[in-house]
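Asker: Would you be able to build a 3D model of this:
(one chain, ligands or ions: 1)
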Amino acid sequence: EIMRKNIVAGNWKMNNDLSETEELLGHLKMQMVKEPEAEVMVAPAFTNLYTAFRVLKDTPVIVAAQNMHEAESGAFTGEVSAKMLKSIGINTVILGHSERRAHFHETNEILAKKVNAAMEQEMRVIFCFGEELEDRKSEKHFDLVAKQLKESLYQISEENWKNIVLAYEPVWAIGTGETASPEQAQEMHAFIRKNIAEAFNDEIAENVSILYGGSVKPANAKEIFAKEDVDGGLIGGASLKALDFIEIVNSF
Ligand code: PEP
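Answerer: The predicted structure follows:
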């Protein structure tokens with residue numbers, strides 16, 4: 001029996017100040033159906049997390065952070081720890097987003113530490129990974145994805161997989177308006193599941209939710225989500241518009 005959940009997560013990135021965030025949260029709260037077909041998450045900036053948590057407390061929408069530091073506390077000016085997030089009610093964190101990798105030099109090794117820190121605090125992780133255009137052109141995309149998973153994720157225990165959500169995000173499709181075709185997404189998601197089955201076991205592979213990310217919008221969500229191994233999406237741009245995001249959530 002396959003237990004994996006459909007999930008739609010909105011990554012708001014470095015957008016929206018407090019009042020803009022309150023406005024978007026208000027729309028989501030009023031317009032989202034009470035029992036969506038998918039688990040719904042939104043990830044506002046750090047400054048807006050506590051407000052988001054309070055506004056969405058009595059709704060099915062889960063609030064996630066976009067990043068965190070791997071240490072518990074200490075001399076890491078400008079950083080935020082898992083414990084701090086948990087203390088304001090945030091139990092979910094996005095790790096490994098391609099923008100963190102590209103602009104903030106997060107390596108597979110650093111990400112392994114962040115994943116471990118999240119697991120220790122029993123946080124849920126939306127772990128992002130995916131190839132760049134060059135990798136796909138040179139047909140190294142499967143190897144590259146396998147390496148990202150192996151080096152950052154496969155050190156966790158079998159028990160910890162219940163707190164992992166995967167987000168396959170081909171870098172060439174993020175914020176570019178170019179999406180992977182549903183077939184390309186399905187092909188990679190099936191590969192990922194097989195890779196996990198080989199490294200762990202079938203049960204873990206079948207039960208982990210694998211989201212697709214990269215220019216998902218209301219017009220293409222249905223056909224992408226319809227693929228067997230695609231369990232939802234991580235949404236950037238389109239998650240900033242309440243109606244678009246809700247339409248994507250309703251695409252299952
Ligand atoms: C993302 O940043 O995770 C993402 C998928 O962005 P977009 O939907 O804008 O391509």
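
Asker: contacts and neighbour counts: CA atoms only from here.
Answerer: OK.

Asker: quick one, phi psi at the residue of the chain positioned farthest from its centre?
Answerer: Of all residues in the chain, Ala75 has its C-alpha farthest from the mean position, at 27.9 Å, by CA atoms, centre = their mean. The phi/psi pair for Ala75 (degrees, to the nearest 10) reads phi -80, psi 70.

Asker: Ile90 touches Phe53, doesn't it?
Answerer: Yes: using CA atoms under 8 Å, Ile90 makes contact with Phe53 at a distance of 7.3 Å.

Asker: And the pLDDT at the closest residue to the ligand within the stretch 1-150 of the chain?
Answerer: The ligand sits closest to Asn11 of the stretch 1-150 of the chain, with a gap of 5.8 Å, by CA to the nearest ligand atom. Here the pLDDT value assigned to Asn11 is 98.

Asker: Show me the strands in this protein, by range?
Answerer: Under the criterion DSSP state E, the chain contains strands at 7-11, 39-43, 62-65, 92-95, 124-129, 164-168, 210-213, 232-235.

Asker: For the first one, name the packing helices and strands.
Answerer: Secondary-structure packing of strand 7-11 (3 or more CA pairs under 8 Å, 6 or more residues apart in numbering; DSSP states H and E): strand 39-43, strand 232-235, helix 242-249.

Asker: Can you pull the residues of the stretch 51-200 of the chain lying near the ligand?
Answerer: With the criterion set to CA under 6 Å from any ligand atom, the stretch 51-200 of the chain comes near the ligand through 173-175.

Asker: List the buried residues in stretch 159-170.
Answerer: 161, 164-170 (16 or more other CA atoms under 10 Å).

Asker: Output those as JSON lines; include the columns distance to Asp58.
Answerer: Listed next are the buried residues of stretch 159-170 as JSON lines, based on distance: CA to CA, whole Å:
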{"residue": "Trp161", "distance to Asp58": "27"}
{"residue": "Ile164", "distance to Asp58": "24"}
{"residue": "Val165", "distance to Asp58": "23"}
{"residue": "Leu166", "distance to Asp58": "26"}
{"residue": "Ala167", "distance to Asp58": "26"}
{"residue": "Tyr168", "distance to Asp58": "30"}
{"residue": "Glu169", "distance to Asp58": "30"}
{"residue": "Pro170", "distance to Asp58": "34"}
